[in-house]
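Engineer: need coordinates for the following:
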Amino acid sequence: MMDWPILSWLIWLPCAGAIVVLLAGNARPRLARWLSLLFSVATFGLSLVMLAVYWVAPSGFQMQENLHWIPGINTSYHLGVDGISVALVVLTAVIHILVVGGAWQVIKVKVHQYMAAVLVLDGLLIGVFCAMDALLFYLFFEAILIPMFFLIGVWGGERRVYATLKFFIYTFFGSIFFLIGILYMYHRAGTFDLQTLQNFPFTFKEQTWLFFSFVIAFAIKTPMVPVHTWLPDAHVEAPTGGSVILAAIMLKVGTYGFLRFPLLITPDASQHFAWLIIVLSLIAIIYIGYVAMVQPDMKKLVAYSSIAHMGFVTLGLFIVYMLARQLNDPGMAQLGVQGAVVQMVSHGFVSGALFTCIGVMYDRLHTHEISVFGGLAKVMPWFGAFWILFAMANTGLPGTSGFVGEFMVIMSAFKASPWIALFAAYSLIISAGYTLYLVRRIIWGTAPTPKAAAMPHLNAREGWVLTGFALAVLAIGVYPWPLMHLMDSSVAQIVTHLMTSKIG
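Structural biologist: Purely as a prediction, here's the structure:
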């Protein structure tokens with residue numbers, strides 16, 4: 001237990017900042033913006049302190065805080081981070097600074113409430129990645145629905161009520177099964193502590209029921225086929241900042257949940273049903289790519305693209321069983337898990353950048369329709385350069401972050417089965433198809449309307465926000481070693497744990 005509870009500060013500082021921003025009131029939007037930026041930067045600064053304190057060499061969780069919470073049911077306020085958690089916490093802190101900057105002049109109604117909701121989301125999402133108690137994880141997991149509900153429902157588009165209710169009903173439905181699974185584990189093990197539950201000898205039958213209770217919840221949150229239909233509607237109606245947080249961070253909560261619960265608590269059932277997740281992942285990678293091709297709305301196109309790219313994450317997480325247990329190749333298994341996590345971080349920056357670019361165009365013409373735009377290479381040359389960079393990262397171009405994670409997953413998949421690797425690699429062609437179609441329609445050609453031809457250049461605020469995304473995309477693409485080294489020991493420990501059967 002640390003003398004200075006840095007993880008608690010990371011969680012509760014932005015939440016406290018939300019209260020301060022609310023006190024600024026609706027009459028002082030400028031003050032609300034500056035306060036929200038101050039607290040976001042302070043949270044990012046704390047995440048860098050956490051990164052500096054984190055010791056890469058040893059495995060296991062560090063900076064742990066363990067306080068009695070509800071002694072009557074043996075649950076505690078237990079926090080800790082490993083290399084994977086650290087990477088996702090830093091990602092969360094960075095994205096929220098860019099979201100605040102992106103919304104600076106865009107949100108004009110109830111600015112203090114919007115910024116407060118963004119800050120609360122910042123803290124709660126960090127809480128998900130730090131929780132080491134199943135009940136605490138569940139509370140953070142559920143609580144993130146509330147500020148996102150308001151972001152879409154208050155500042156969203158014309159069909160925001162429909163999109164908000166669909167988003168809430170889908171995710172809350174999955175959470176019911178998750179809660180049942182948590183309560184059953186407590187009934188059997190007498191604790192909510194995740195490390196204890198990961199070592200508890202559940203029978204294969206128990207693991208099977210627990211596995212599906214977890215999969216339903218996290219498949220919806222990721223989202224996976226066929227429970228993905230809430231995501232395009234939520235993205236289309238959400239404000240730009242809501243779309244960025246949803247794609248860049250909230251989808252990672254689902255894949256992070258897969259990593260912490262079914263993979264480690266139910267390893268035998270996960271091995272037995274890994275084929276199901278692999279098949280669903282390949283369907284998402286290929287079929288959803290074709291769905292993205294025919295979308296006339298650029299927000300929907302990028303939303304479907306996100307579903308396809310998250311398929312690489314779940315593929316990398318569950319291909320590990322074929323590598324570790326059937327082929328006894330822990331090295332390639334580690335590569336698959338690392339590739340999945342790198343893809344999570346990369347997708348956070350790439351999808352966040354694409355939705356920010358769409359927001360820049362929407363602020364000028366107030367539409368997402370692809371047919372309205374064209375010729376932006378002449379109208380907004382710097383914006384065109386940013387758009388092409390992020391589009392190429394979305395296709396997995398070498399030198400960008402999009403290439404690294406997908407390449408690692410395909411490599412590990414090839415060792416497990418060349419056919420799986422072939423289907424996964426084929427998706428790169430599909431991704432290039434719909435992304436280059438989008439680039440051609442928006443960047444090249446001539447503007448179809450006088451308004452599109454007269455769109456103003458990027459302003460300084462927009463330029464800085466897109467530069468932040470670009471630096472992250474290029475840094476991971478050119479030199480991914482620091483990110484991979486950060487989680488080396490944590491991934492090795494996970495693979496070692498899941499190679500051992502709980503049922504002998």
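Engineer: show me what contacts the nearest residue to Ser431 once chain neighbours are set aside?
Structural biologist: The shortest distance from Ser431 to any non-neighbouring residue, by C-beta to C-beta, 6 or more residues apart in numbering, is to Thr395 (5.0 Å). Yep, even glycine has a C-beta here, placed from its N, CA and C like the rest. Contacts for Thr395 (C-beta atoms under 8 Å, 6 or more residues apart in numbering) come out as Gly402, Leu428, Ser431, Ala432, Thr435, Leu436.
Engineer: the fourth one and Ser36, how far apart?
Structural biologist: The reference is to Ala432. 38 Å (C-beta to C-beta, to the nearest Å).
Engineer: ok, the fifth one next?
Structural biologist: Distance of Thr435 to Ser36, given as C-beta to C-beta: 33 Å.
Engineer: which one of the two has more residues nearby?
Structural biologist: Ser36 (31 against 27; other C-beta atoms under 10 Å).
Engineer: all strands for the stretch 51-200 of the chain, in order.
Structural biologist: Along the stretch 51-200 of the chain, counting by DSSP state E, counting those that start in this stretch, strands occupy 62-70, 75-81.
Engineer: looking at those, which is closest to Leu231?
Structural biologist: strand 75-81 (27.7 Å; C-beta to C-beta).
Engineer: starting at the chain centroid, how far to the closest one?
Structural biologist: Between the mean C-alpha location of strand 75-81 and the chain-wide mean there is a distance of 22 Å, by C-alpha atoms, centre = their mean, to the nearest Å.
Engineer: touching that strand from outside, list them.
Structural biologist: So strand 75-81 is contacted by 5, 7-8, 11, 50, 54, 61-69, 89, 129-133, 135-136, 191-194 (C-beta under 8 Å, 6+ apart).
Engineer: what about Arg253, how many neighbours?
Structural biologist: Heads up, residue 253 is Val, not Arg. 21.
Engineer: any idea how far it is from Ile388?
Structural biologist: Relative to Ile388, and taking C-beta to C-beta, Val253 is found at 30 Å.
Engineer: also Val404?
Structural biologist: 19 Å.
Engineer: repeat for Glu462
Structural biologist: 16 Å.
Engineer: the two - which one has more neighbours?
Structural biologist: Legend: neighbour count by other C-beta under 10 Å for Glu462 and Ile388, higher for Glu462 (24 against 16).
Engineer: check contacts around the more buried one.
Structural biologist: Neighbours of Glu462 in contact, by C-beta under 8 Å, 6+ apart: Gly102, Val360, Phe383.
Engineer: give me the nearest residue to Ala247, chain neighbours excluded.
Structural biologist: Ser351 (3.9 Å).
Engineer: element containing the one you found?
Structural biologist: For Ser351, the host element (DSSP states H and E) is helix 330-365.
Engineer: can you list contacts of the helix or strand hosting Ile245?
Structural biologist: Ile245 belongs to helix 240-245 when assigned by DSSP H and E. With contacts defined as C-beta under 8 Å, 6+ apart, helix 240-245 is touched by 95-96, 98-100, 102-103, 106-107, 114, 118, 121, 125, 148, 151-152, 155-156, 235, 299, 351-352, 355-356, 358-359, 362-363.
Engineer: among those, which ones are in helices?
Structural biologist: 95-96, 98-100, 102, 114, 118, 121, 125, 148, 151-152, 155, 235, 299, 351-352, 355-356, 358-359, 362-363 (DSSP state H).
Engineer: out of the residues you listed, which are buried?
Structural biologist: Buried members of the ones in helices among the contacts of helix 240-245, scored by 16 or more other C-beta atoms under 10 Å, are 95-96, 98-100, 102, 114, 118, 121, 125, 148, 151-152, 155, 235, 299, 351-352, 355-356, 358-359, 362.
Engineer: compare the contacts of Thr395 and tell me which is most surrounded.
Structural biologist: Going by other C-beta under 10 Å, Gly402 tops those with 31 neighbours.
Engineer: surely it meets Leu389?
Structural biologist: No. Assessed by C-beta atoms under 8 Å, Gly402 is found out of contact with Leu389, at 10.5 Å.
Engineer: pull up the overlap in contacts between these two.
Structural biologist: With C-beta under 8 Å, 6+ apart, Gly402 and Leu389 have common neighbours Val473.
Engineer: pLDDT score for Pro226?
Structural biologist: For Pro226, the pLDDT comes out at 90.
Engineer: count the residues that sit near it.
Structural biologist: 10.
Engineer: now do it against Ile220, distance only.
Structural biologist: In this view, Pro226 and Ile220 are 10 Å apart by C-beta to C-beta.
Engineer: repeat that for Gly257.
Structural biologist: 10 Å.
Engineer: where along the stretch 401-504 of the chain do the helices fall?
Structural biologist: 401-416, 418-443, 450-453, 460-478, 481-486, 488-498 (DSSP state H, counting those that start in this stretch).
Engineer: contacts made by the third one with the rest, please.
Structural biologist: Translated: helix 450-453. Contacts for helix 450-453 (C-beta under 8 Å, 6+ apart): Leu365, Val372, Phe373, Gly374, Gly375, Val379, Thr446, Ala447.
Engineer: alpha carbons only: can I get that helix in CSV?
Structural biologist: Only the C-alpha atoms of helix 450-453 are listed here, as CSV (Å, rounded to 0.1, in the frame of the first residue of the first chain):
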residue,chain,number,x,y,z
PRO,A,450,-20.6,26.4,-52.7
LYS,A,451,-20.7,26.0,-48.9
ALA,A,452,-18.3,23.1,-49.0
ALA,A,453,-16.0,25.1,-51.3
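Engineer: I'm done for today, thanks for sticking with me.
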